[in-house]
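Student: predicted structure and sequence below. I'll ask about it afterward.
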Amino acid sequence: MLAHAEHVREIERAAQGLAVNRDATVIQSWRRCLDDYRLDPGRFCEAVIVPGERLKEHRQQSEELVAIARSGLERLYGQVADQGYVLLLADSQGVTVDFIGDPQLDGNLRKAGLYLGSQWAEPGSGTSAVGSCLATGEALTIHQADHFDATHIALSCTAAPIYDMLGRLTAVLDLSLLSSPIPKPSQNLALHLVRATARRIELANLMAQTRHQWVLRFARSPEFVDVDPEAAIALDQNGRIAGMTHIGAQVLSRAIEQDWRSSPDLIGRPVTDFFDLDLDVLPELTRQRATQERLVRMRDGHALFAHAIEPKPVRSGMVRGASLPASISNLGEGADMAALQLKTAKLARTALPILIQGETGSGKEHLARAVHDASGRKGPFIAINCAAIPEQLIESELFGHTAGAFTGAAPKGRKGLIEQADGGTLFLDEIGDMALPLQSRLLRVLAEGEVQPVGALAPRKVDLRVVSASHRSLTSLVEEGRFREDLFYRLSAATLRLPPLRERSDFGWILDRLLVRHGLDQDGREIPLAMTATARALLHAHRWPGNIRELDNVIAVAAALSDSGIIDCDDLPDYLAPGDLAGDDEAAGLRAALVACNWNVSEAARRLEVDRTTIHRRIKRLGITPHN
Ligand SMILES: Nc1ncnc2c1ncn2[C@@H]1O[C@H](COP(=O)(O)OP(=O)(O)OP(=O)(O)O)[C@@H](O)[C@H]1O
């Protein structure tokens, strides 16, 4: 309480212009809180966490940035995890859209506002690292009683801004401690780390968005220009500035002797306004020349070492099915599936975690394998069914154990499934069924890139690409409190949704593939099975609650029953044929299709892969009515 009263007095002294022992940025923020936002330093305000629905909106808006920032965040967290730091990525409104922290401290972190969804903008929360970074556009540390609201004075927070390539402040990266050593300079290293990570995230963002343009990267020393550049700008084909990192904007502003804070118009101006350089000399600044020879002079007389990266030629092929990796073209056919296949192909080459949603048996594991096969990763594909492993075994199955870790342990110890997937893909099937305590451990593995076998003294590094799947809606499980929200976001950088079989327009194509699969003879030769039109119609008419797996089983059984290699209605399970009409071949098939579609002729035509007039003609010819 005494500390609180003293804190309020100090803010009042600063407001009256009296000397206080704080940085100028802190005093300016306190004044904004008092004069502009009319905040009361005497009030305690708990950290604000935005409701789930709003967090979802904020996450969606920054989805691309979160995906690009993820590997930078993970690398940074790996450097500071054992020192108790928490990492937040906040959007331009100060809402935390990504978060990495020790799951064991969950309760405390949430209470302190160091959590997903916490809202740190200055007008609502007073002086904070995220809020003040957003207000000033600069990296800073807000240490303990620098915070305006006394609720937060245990925290020490350090933040750096992330700008988009047009120079707009889009996010803030924050490294925070629940409690910290007393002196503020203890956070200087943290300040250096967040600045460097924000710079790398901006670089990655610029590179991802300007593949087909010239990019110039700069550094003050020739040793760093190719490996860890300080700034970058992108040029359009006319040699005009098309994008820049924040330090790139500072370099350009300085070249025309302006302060970047005065927001000079930089985008669209010719590069020659800033550098003694034109488009023709760019090829001489590529890696083909020694770094020392790539010095570029700026208009203000300064010089920097440069590295020019050539535009990549535009490929048009990816859009067409023919150029998709084989494993992905094998997922389906037709316009409905094309968008999913293209998205899968694009994601497969990245390391982004993917969540696959789809009904049971709809082909989620099949899709996950296709992602792995197209990823180019050398390690194995390891599938874990999180619902099938008994709870008492799951820990040692997943994490492995050392020799003698517990009674019954393997004499030489055993590698867990997670470690086995090192260098490859870990497929977590039915992730929605994983118990909450295990979710925390998994989160740790994913955040730190390390796994600690049961009984082991030290963790081991693992390089994983995680694909997970669930037939339940993970967002609903999160809302019900049965699935960790932070784990959900970590697993679902991108989501792929598989349609149920009954909604797929390529049903016939899938059926033909299964007829080939089950037509293999004992020597493995392909003799595709054939099928009568009526049997085909019966299959089309069914609703397939068990999806492709159910169809696969039906064909496997029919293949075994059929002596001739031609599957007919008799080879199909009884539940597919409407009993009273089972003998009446063509009429039975058509009637079943119409019943299954509630007599919607267009839908029946789609399922039977014929046009509507054919259906009407057959209805008439066979004398089918809804009542017979
Ligand atoms: N595109 C496809 N072409 C041919 N067969 C497929 C295709 N997709 C899935 N299958 C087959 O369907 C069956 C079920 O697929 P899979 O195991 O991938 O489904 P799932 O959604 O993971 O099931 P569950 O929800 O039960 O885990 C498998 O036999 C698989 O080979």
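Tutor: Good, I have the coordinates. Residues are numbered from 1 along each chain as shown.

Student: only C-alpha atoms from now on, for both contacts and neighbour counts.
Tutor: Noted.

Student: please enumerate the helices of the stretch 301-450 of the chain.
Tutor: Counting by DSSP state H, counting those that start in this stretch, the stretch 301-450 of the chain has helices at residues 326-329, 335-348, 364-375, 391-399, 417-420, 436-448.

Student: and the angle from the fourth one to helix 436-448?
Tutor: Spelled out, that is helix 391-399. Computed by axes from the mean of the first three to the mean of the last three Cα atoms, to 10 degrees, the angle separating helix 391-399 from helix 436-448 equals 10 degrees.

Student: work out the gap between helix 391-399 and the centre of the chain.
Tutor: 26 Å (Cα atoms, centre = their mean, to the nearest Å).

Student: quick one: name the residues of the stretch 501-628 of the chain near the ligand.
Tutor: 510, 548-549, 552 (Cα under 6 Å from any ligand atom).

Student: returning to that earlier point: quick one: closest of the helices of the stretch 301-450 of the chain to the ligand.
Tutor: helix 364-375 (3.5 Å; Cα to the nearest ligand atom).

Student: just to revisit the earlier point, which two in the residues of the stretch 501-628 of the chain next to the ligand are spaced the farthest apart?
Tutor: Ile510 and Arg549 (11.2 Å; Cα to Cα).

Student: more neighbours: which of the two?
Tutor: Ile510 (20 against 16; other Cα atoms under 10 Å).

Student: could you find the closest non-adjacent residue to the more buried one?
Tutor: Gly332 (7.1 Å; Cα to Cα, 6 or more residues apart in numbering).

Student: buried ones in stretch 333-353?
Tutor: In terms of neighbour count (16 or more other Cα atoms under 10 Å), stretch 333-353 has its buried residues at 333, 337-338, 340-342, 344-345, 347-348, 351-353.

Student: what about that stretch, near the ligand?
Tutor: No: where contact is defined by Cα under 6 Å from any ligand atom, no part of stretch 333-353 touches the ligand; the two come within 8.9 Å at best.

Student: now do that stretch: everything it contacts.
Tutor: Residues from elsewhere that reach stretch 333-353 (Cα atoms under 8 Å, 6 or more residues apart in numbering): 67, 318-319, 321, 324-325, 328-329, 331-332, 371-372, 374-376, 465-468, 490-494, 496-497, 504-506, 509.

Student: what subset of these is buried?
Tutor: Buried, going by 16+ other Cα under 10 Å: 67, 321, 324-325, 328-329, 331-332, 371-372, 374-375, 465-468, 490-494, 496, 504-506, out of the contacts of stretch 333-353.

Student: centre-most residue in this protein?
Tutor: When Cα atoms, centre = their mean is applied to the chain, the residue found nearest the centroid is Ala493 (1.3 Å).

Student: my guess is that one contacts Ile354. True?
Tutor: Yes: using Cα atoms under 8 Å, Ala493 makes contact with Ile354 at a distance of 6.0 Å.

Student: what secondary structure does Val86 sit in?
Tutor: strand (DSSP: H, G, I helix; E, B strand; the rest coil).

Student: bridged to it, which residues?
Tutor: Bridge pairing for Val86 (DSSP bridges) gives the partners Ser176.

Student: now do Ser470
Tutor: Bridge pairing for Ser470 - DSSP bridges - gives Gln357.

Student: close enough to count as contact, it and Phe427?
Tutor: No: shown here, Ser470 and Phe427 do not form a contact pair, counting by Cα under 8 Å, at 11.0 Å.

Student: can you pull out the strands in the stretch 101-250 of the chain?
Tutor: Under the criterion DSSP state E, counting those that start in this stretch, the stretch 101-250 of the chain contains strands at 118-119, 140-143, 156-163, 169-177, 214-219, 231-235, 241-244.

Student: name the helices or strands packed onto the last one?
Tutor: Translated: strand 241-244. Using 3 or more Cα pairs under 8 Å, 6 or more residues apart in numbering; DSSP states H and E, the elements in contact with strand 241-244 are strand 231-235.

Student: so which residue of the stretch 401-550 of the chain comes closest to the ligand?
Tutor: For the stretch 401-550 of the chain, Cα to the nearest ligand atom, closest residue to the ligand: Arg549, 3.9 Å.

Student: three-state assignment of that residue?
Tutor: Secondary structure for Arg549, judged by three-state DSSP, is helix.

Student: contacting residues around the closest residue to it other than its chain neighbours?
Tutor: In space, Arg549 comes closest to Gly361 once its chain neighbours are excluded; the distance is 4.8 Å by Cα to Cα, 6+ apart. Counting by Cα under 8 Å, 6+ apart, Gly361 makes contact with 546-550.

Student: from Glu480, how far off is Lys412?
Tutor: Distance, Lys412 to Glu480, by Cα to Cα, to the nearest Å: 42 Å.

Student: Ser263 and Val251: what is the separation?
Tutor: 13 Å.

Student: more neighbours, these two?
Tutor: The neighbour comparison of Ser263 against Val251 (other Cα under 10 Å) goes to Val251, with 25 against 13.

Student: what angle separates the helix or strand hosting the more buried one from strand 231-235?
Tutor: Using DSSP states H and E, Val251 sits within helix 246-255. Put simply, helix 246-255 runs at 80 degrees to strand 231-235, going by the same axes, to 10 degrees.

Student: got the contact list for the lowest-mean-pLDDT helix or strand in the chain?
Tutor: Least confident helix or strand, the chain: helix 585-596 with a mean of 74, by mean pLDDT, DSSP states H and E. Outside helix 585-596, the residues that touch it by Cα under 8 Å, 6+ apart are 533-538, 540-543, 577-578, 581-582, 600-601, 604, 607-608, 619, 622, 624.

Student: go on, stretch 157-167?
Tutor: With Cα under 8 Å, 6+ apart as the test, stretch 157-167 has contacts from 128-130, 133-134, 137-143, 169-177, 187, 190-191, 194-195, 198-199, 201-202, 205-206, 242-246, 249, 267.

Student: can you narrow the residues you listed to ones near the ligand?
Tutor: Within those, nothing lies near the ligand by Cα under 6 Å from any ligand atom.

Student: for the stretch 251-400 of the chain, what lies in contact range of the ligand?
Tutor: Within the stretch 251-400 of the chain, the residues that sit near the ligand (Cα under 6 Å from any ligand atom) are 330-332, 360-366.

Student: which among those residues count as buried?
Tutor: 331-332, 360-365.

Student: out of those, which two sit at the greatest distance?
Tutor: Maximum distance among those (Cα to Cα): 17.3 Å, for Gly332 and Thr360.

Student: what sits against the closest residue to Arg269 other than its chain neighbours?
Tutor: Nearest non-adjacent residue to Arg269, counting by Cα to Cα, 6+ apart: Arg240, 5.2 Å away. Residues in contact with Arg240 (Cα under 8 Å, 6+ apart) are 267-271.

Student: looking at these, which has the most residues close by?
Tutor: Among the contacts of Arg240, the one with the most neighbours (other Cα under 10 Å) is Val271, at 23 neighbours.

Student: nothing else from me, thank you.
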